[in-house]
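# sequence first, predicted model second:
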Amino acid sequence: MKKLPWDLLKQALGIILGSFTVALSVNTFILANRIADGGITGIAIILHYLFQLDVGLTVLVLNIPLFILGYKAIGKRLLFLSMIGVSAFTLALHFTGGLTAVTKDTLLAAVFGGLITGIGMGIIFRSQGSLGGTDILAIILNRKTPFSVGQIILGIDTIIFLGTAVLFKPETAMYAMIYMFIASKVIDLVQAGLDYSKSVMVITDKPETIASDIIKTLGRGVTYFSAEGAYSQTPKKIIYCIINRAQLSQMKEIVHRHDPDAFVSIADVSEVVGEGFGSWKGH
């Protein structure tokens, strides 16, 4: 029997962990407070509210035709990992189905449900998997329509939320939007990490002096960009450097000490991979 590669096994374990986390959120926050969701899970939840159908089984059944249609569109590896995710999610919904609701406050359920779902989905996406559903459908439709994958997913979720508002009440859809918004933000945090860095661009008449001090004092690499002043029409060197947040004050002090008239632009960087920052491990 052929052994699974270690990286594929780690991905599968991450997807299983993420799937159980999402299922925990669905059973203890979402279903308990009659909040809707997006995608295939949202359709399964609506059917559960209307006809008391099992959510996990419905998710599995709805995904089967999508897996068949998406076999060529998404590739064998993503299909395999998506099948693991859907299977684990279905089992997790069953095993966590008897858990008591954490809160009966719908707003709190939407907020903390979105937080936990976002953590779970972030782990799944970091493991390069998915829970199938509308992601696969969007990839298929993207090849046949002028719309992007993101636009198609947004359109499908909009239809689901509108249907929720019509079938139940507008508040149900509103809480669902809060839940989805928070989940999407947490997914980004889990994927990118919390260690935000800063990118700094310095336009100065003393680029070599400032760059040398940055390298010596902060231990960060510096890149020069060649530019030309539109007003003065003179060539300039722009200093570009990425630092962590704790070094920002030192960076400002270095620039001001050497050139008080320098122009400095500072921006947030959500993720940095490379020497002195994050590694490619896990990507």
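Sure thing, it's come through.
# residues contacting the helix or strand containing residue 179, please?
Per DSSP states H and E, residue 179 falls inside helix 170-192. Helix 170-192 is contacted from outside by 30, 33-38, 42, 106-107, 109-111, 113-115, 117-119, 121-123, 125-126, 157, 161-162, 164-165, 270-271, using C-beta atoms under 8 Å, 6 or more residues apart in numbering. (Glycine included, C-beta is placed from N, CA and C.)
# what do you get for stretch 219-236?
201, 203, 205, 207, 211, 214-215, 237-243, 247, 275-276.
# hmm, 10 Å instead?
Applying C-beta atoms under 10 Å, 6 or more residues apart in numbering, the external contacts of stretch 219-236 come out as 200-205, 207-208, 210-215, 237-244, 247, 251, 274-277.
# tell me where the stretch 51-200 of the chain has strands.
Ranges of strands in the stretch 51-200 of the chain, per DSSP state E, counting those that start in this stretch, are 197-203.
# helices of that one, start to end?
Using DSSP state H, counting those that start in this stretch, the helices of the stretch 51-200 of the chain run over 55-69, 71-74, 76-95, 106-126, 134-142, 149-167, 170-192.
# show me which residues of the second one are buried.
Burial within helix 71-74, assessed by neighbour count using 16 or more other C-beta atoms under 10 Å, is assigned to 73, 74.
# helices and strands around it, which ones?
Packing partners of helix 71-74 (3 or more C-beta pairs under 10 Å, 6 or more residues apart in numbering; DSSP states H and E): helix 55-69, helix 76-95, helix 134-142.
# let's go with 6 Å and repeat that
Under the contact definition 3 or more C-beta pairs under 6 Å, 6 or more residues apart in numbering; DSSP states H and E, helix 71-74 sits against helix 134-142.
# what about dumping the CA coordinates of the helix it packs on to CSV?
Provided in CSV are the C-alpha atoms of helix 134-142 (Å, rounded to 0.1, in the frame of the first residue of the first chain):
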residue,chain,number,x,y,z
THR,A,134,-20.1,26.9,-3.6
ASP,A,135,-16.3,27.1,-3.9
ILE,A,136,-16.3,24.3,-6.4
LEU,A,137,-19.4,25.6,-8.1
ALA,A,138,-17.8,29.0,-8.4
ILE,A,139,-14.6,27.6,-10.0
ILE,A,140,-16.8,25.7,-12.6
LEU,A,141,-19.0,28.8,-13.4
ASN,A,142,-15.9,31.0,-13.6
